[in-house]
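# what's the 3D shape of this:
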Amino acid sequence: MKFKRIQLTLFISEGDSEIIERVRKEFNPVQYELIRSHVTLCREEELEAIEKVIENLETLHYPSFMIDFGSVQRFSDGKGVMIPANGDNEPFQTLRKLVLKRVIHNPAKQEPHITLMHPRNSTCTESNFLKIEKMNLPRVLEFRKISIIQQEVNSKWNILKSYLLNT
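Model prediction:
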C-alpha cells in the first residue's frame, strides 16, 4: 500500500505564477512536475482530523487576502530557495486558526513562503541563486481559494476539492 499525504494549499493564480513557474521548471523540474507554485496553509500533521477541517472549510466565511513577499533566500544549508513573506501575515494566521478550529487549539505560527527550489529534489548553486535573485518575481499576491491536495509518495499532487474565499 502506498503512503498518502494530504495538505491544505493556497495555489498561486495562473496569471501571477508565470515567472515563478519558469524558475521552478528551469531550476527544479522534479518539483515543478509534482505540484504547481503555492503557499502551504496546513501541513499533513495538522490534518489528522480531516473531517472536522472539512466541516470548517464548508462553513468558512473569509475574504480573499494578499500576501507581500520579500526577496528570495536560500534555506536548508543553501540547497533550497524560497520567497518568504514579509510582515506578520495576520490574515494568513487567522485563516489557519479558523480552518483548524476544534482540531488544534492554538496552531503554531507558520511563515508563508513560496518554494522555488525544494531541497529534497534540487540543489541550488551560487550561479543559479544569482540568476534567480535578478528575476522580477511578483511581490504581492492575492489568494482566493483553499485546496485540499493529496499525494501518493513520489507521485504528483492531486486536488481533491477547492473552497473559494469570499471576494
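
# so, low pLDDT: which residues of this structure?
For the chain, the stretches flagged by pLDDT under 70 are 1-2, 167.

# with only the CA atoms kept, save the longest helix seen in it in PDB.
Taking DSSP state H as the criterion, the chain has its longest helix at helix 14-27. This file holds the C-alpha atoms of helix 14-27, laid out as PDB (Å, rounded to 0.1, in the frame of the first residue of the first chain):
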ATOM      1  CA  GLU A  14      -2.000  31.300 -13.200                       C
ATOM      2  CA  GLY A  15      -1.700  35.000 -14.200                       C
ATOM      3  CA  ASP A  16       0.600  35.600 -11.200                       C
ATOM      4  CA  SER A  17       2.600  32.400 -11.400                       C
ATOM      5  CA  GLU A  18       4.100  32.600 -14.900                       C
ATOM      6  CA  ILE A  19       7.600  33.700 -14.000                       C
ATOM      7  CA  ILE A  20       7.600  31.600 -10.800                       C
ATOM      8  CA  GLU A  21       6.700  28.600 -12.800                       C
ATOM      9  CA  ARG A  22       9.500  29.300 -15.300                       C
ATOM     10  CA  VAL A  23      12.000  29.500 -12.400                       C
ATOM     11  CA  ARG A  24      10.800  26.200 -11.000                       C
ATOM     12  CA  LYS A  25      10.800  24.500 -14.400                       C
ATOM     13  CA  GLU A  26      14.400  25.500 -15.100                       C
ATOM     14  CA  PHE A  27      15.900  25.100 -11.700                       C
END
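
# any buried residues in it, and which?
16-17, 20-21, 23-24, 27 (16 or more other CB atoms under 10 Å). C-betas here are computed from N, CA, C, even on glycine.

# how close does the residue most central in space within the chain get to residue 9?
Of all residues in the chain, the one closest to the mean position by CA atoms, centre = their mean is residue 39, 1.8 Å from it. Separation of residue 39 from residue 9 (CB to CB, to the nearest Å) stands at 7 Å.

# what of residue 82?
15 Å.
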